[in-house]
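Chemist: need a structure here:
(chains A and B)
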Number of protein chains: 2
Amino acid sequence: VAEGPQAVREAIRAHHEALTAGRRPVVRELYLTDAAWTRYGQELGLVSGGELPSGHRTGPGFAVHLVTDEVLVALADTVTPQGLLAVCETVDVPLAAVLGRAPLLIAVAAHVRDPGNAGTIVRAADAAGAEAVVLSEASVDVYNPKCVRSTAGSLFHLSVSLGAHLGDAVSALHGAGLTVLAADGAGDTDLDDLQDQAETSAGSAILARPVAWLFGNEAWGLPEDLLSLADAVVRVPVHGRAESLNLATAATVCLYATARAQRRPGGCRTT
Amino acid sequence: VAEGPQAVREAIRAHHEALTAGRRPVVRELYLTDAAWTRYGQELGLVSGGELPSGHRTGPGFAVHLVTDEVLVALADTVTPQGLLAVCETVDVPLAAVLGRAPLLIAVAAHVRDPGNAGTIVRAADAAGAEAVVLSEASVDVYNPKCVRSTAGSLFHLSVSLGAHLGDAVSALHGAGLTVLAADGAGDTDLDDLQDQAETSAGSAILARPVAWLFGNEAWGLPEDLLSLADAVVRVPVHGRAESLNLATAATVCLYATARAQRRPGGCRTT
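Modeler: Numbering: from 1, shown residues only, chains lettered A, B, ... in the order given. Next comes the predicted model:
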């Protein structure tokens, strides 16, 4: 369920793209109040002339239901869904399909349990230009309403793969030519040193290659056996007295450092 | 109220530092269960020989109360405070006192309303080595339990100043020799360009100077009149299709880019 104008807009956009590309539809049903119809109908492509429908109509490949405020609040997870929500099909794809598209940047969330953290990682990965996010087995359900909200529409922008066994996923990532970096506060490689390396010679720098980042659970991080499978275990430097960054902010720093290195002359996105 | 072992540990550490420096105490009262006493008493410096106190004793400058699980849960904001919490004095200081210490990096949260965002900014600012965080008037109460939790102890690590009028704060920041950068998704200066500039010549680069960052409200950003007072309005580049980053992750990227630039040869932390 995508709630609120931003998430619904991105869902409908993804829906039209999917139909145009001959893929299966994304939006199944749209519920909105009269007020939301008036405010967002034009923008969402539901109405051309601006006239109000009565009760119930069929939109471009999905059903549109006009409902009262009370019904909408009962359907929604949030207290203020701003008058509209869309019931969507799941959008996740198998990891093999993700890797078949030769991705250059992937975020892997390993056993991440907090929906806000998982959603924020999806949003940050999208902003950093990552092609995909992998949520491992035992991670939070990405379709949890709080998680969907935290993605701010990015759930519909990049490929999301669910339920991967982590050992198998690392093998598959390696097989697809990705360097696998594990983020860990106690890692023996400093992210600043990797950025220095990318400044000096992006052509051979780790961060400038196709990279998959592994991000661990909020409380206990990444398991030892997974750290040992990674090509490097990387710490975000802490200059002050904080013990660590929180998961989503640490992930964002790692993803942005990689995005910048990959776009340097000699980096994998420029050659 | 600092809840849980991490926040309580940082509060007690700040308390002892304050007493040693002749400043006023930080911790007023500590409440903990028998189980938490057994588990954390040694680490928190409450017990030297390991013997259990009965009922109530006076610790190093604050009262220690042994309570039942039920009492602790009733006192706490969280469902699982892990057996202990500390009632603390406020720790904020006036902006003039902050600026008197010649800070090199400050985060200003302008009208930030979400306690998780405000706390995460304090934690990220601490990790990035900032000396202070300023929460403007009309921002969330930094002593809100959720905000305190989100700081993960960093509330006790750096200087926090509350309630500033933003226009006056920018004048004071300028007066203290800080370059004021406003973070805004529509800013006309790209953070990547500022980082390029710092790579080329940190000595004259904006990011390598003493900097105060302004971060705006989650929904409507920074007000126009404040943008016009800043020395530059800076956007974090968005490489994918996300509309933006969320507030705390965008702030972290800005703060870390500055931390890195300031530590280059020629930057304000190396000369």
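Chemist: Please count neighbours and contacts with C-alpha atoms only from this point.
Modeler: Noted.
Chemist: Which residues of chain A lie near chain B?
Modeler: By Cα under 8 Å from any Cα of the partner chain, the residues of chain A that approach chain B are A:120, A:123-124, A:126-130, A:152-154, A:157, A:192, A:237-246, A:248-249, A:252-253, A:256, A:260.
Chemist: correct me, but A:S159 touches A:V133?
Modeler: Yes. Counting by Cα atoms under 8 Å, A:V133 is a contact partner of A:S159 at 6.4 Å.
Chemist: Quick check: the residue of the stretch 51-200 of chain A nearest chain B.
Modeler: Using Cα to the nearest Cα, the single residue of the stretch 51-200 of chain A nearest to chain B is A:G129, 4.1 Å away.
Chemist: Can you show me the strands along the stretch 1-150 of chain A?
Modeler: All strands of the stretch 1-150 of chain A, identified by DSSP state E, counting those that start in this stretch, fall at A:2-3, A:27-32, A:56-58, A:63-66, A:84-88, A:105-109, A:132-136.
Chemist: Which one of the ones you listed lies nearest to B:A176?
Modeler: The closest of these to B:A176 is strand A:105-109. By Cα to Cα, the value is 40.7 Å.
Chemist: what mean pLDDT does the closest one have?
Modeler: For strand A:105-109, mean pLDDT rounds to 97.
Chemist: So which other helices or strands are in contact with it?
Modeler: The contact analysis (3 or more Cα pairs under 8 Å, 6 or more residues apart in numbering or on different chains; DSSP states H and E) places strand A:105-109 against helix A:115-127, strand A:132-136, strand A:211-215.
Chemist: winner for burial among the ones you listed?
Modeler: Mean neighbours per residue, mean count of other Cα atoms under 10 Å in any protein chain shown, is largest over these for helix A:115-127, with a mean of 28.
Chemist: So in chain A, where's the weakest helix or strand by average pLDDT?
Modeler: Within chain A, confidence by mean pLDDT, DSSP states H and E is lowest for strand A:56-58 among all helices and strands, at a mean of 49.
Chemist: Residue ranges in chain A under the pLDDT threshold?
Modeler: Scanning chain A for pLDDT under 70 picks out A:47-60, A:79-81.
Chemist: As a check, name the ranges of all helices in it.
Modeler: Along chain A, counting by DSSP state H, helices occupy A:4-20, A:34-40, A:69-75, A:95-100, A:115-127, A:145-151, A:166-175, A:191-200, A:224-227, A:247-262.
Chemist: now the angle between helix B:191-200 and the last one, please.
Modeler: It refers to helix A:247-262. Relative orientation of helix A:247-262 and helix B:191-200, computed by axes from the mean of the first three to the mean of the last three Cα atoms, to 10 degrees: 60 degrees.
Chemist: Quick check, A:A152 in contact with A:P5.
Modeler: No. The criterion here is Cα under 8 Å, and A:A152 misses it with A:P5 at 9.9 Å.
Chemist: neighbour count winner among the two?
Modeler: The residue with more neighbours, out of A:A152 and A:P5, is A:A152; 26 against 22, by other Cα atoms under 10 Å in any protein chain shown.
Chemist: In contact with the nearest residue to that one once chain neighbours are set aside: list those residues for me.
Modeler: Counting by Cα to Cα, 6 or more residues apart in numbering or on different chains, A:A152 lies nearest to A:A7, which is 5.9 Å off, once chain neighbours are set aside. Residues counted as contacts of A:A7 (Cα atoms under 8 Å, 6 or more residues apart in numbering or on different chains) are A:R149, A:A152, A:G153.
Chemist: do A:E218 as well
Modeler: Taking Cα under 8 Å, 6+ apart as the test, what A:E218 contacts is A:V112, A:R113, A:D114, A:N246, A:L247.
Chemist: Centroid-nearest residue for chain A?
Modeler: Note on chain A: the residue nearest the mean C-alpha position is A:V122, at 2.3 Å, using Cα atoms, centre = their mean.
Chemist: Name the nearest residue to the residue of the stretch 51-200 of chain A closest to chain B, sequence neighbours excluded.
Modeler: The spatial neighbour of A:G129 that comes closest, neighbours along the chain excluded (Cα to Cα, 6+ apart), is B:G240 at 4.1 Å.
Chemist: if I pick the one you found, what's in contact with it?
Modeler: Neighbouring residues of B:G240 by Cα under 8 Å, 6+ apart: A:D126, A:A127, A:A128, A:G129, A:A130.
Chemist: Repeat that for A:A2.
Modeler: Contacts of A:A2 by Cα under 8 Å, 6+ apart are A:V8, A:A11, A:L85, A:A86, A:V87, A:C88, A:P145, A:V148, A:R149.
Chemist: nearest to B:A138, of those residues?
Modeler: For the contacts of A:A2, the nearest to B:A138 is A:R149 (25.0 Å; Cα to Cα).
Chemist: Make sure the closest one is actually in contact with A:N117.
Modeler: No. With contact defined as Cα under 8 Å, A:R149 does not count as touching A:N117 (11.1 Å).
Chemist: List the buried residues for stretch A:10-28?
Modeler: Within stretch A:10-28, the residues that count as buried by 16 or more other Cα atoms under 10 Å in any protein chain shown are A:E10, A:A11, A:I12, A:R13, A:A14, A:H15, A:H16, A:P25, A:V26, A:V27, A:R28.
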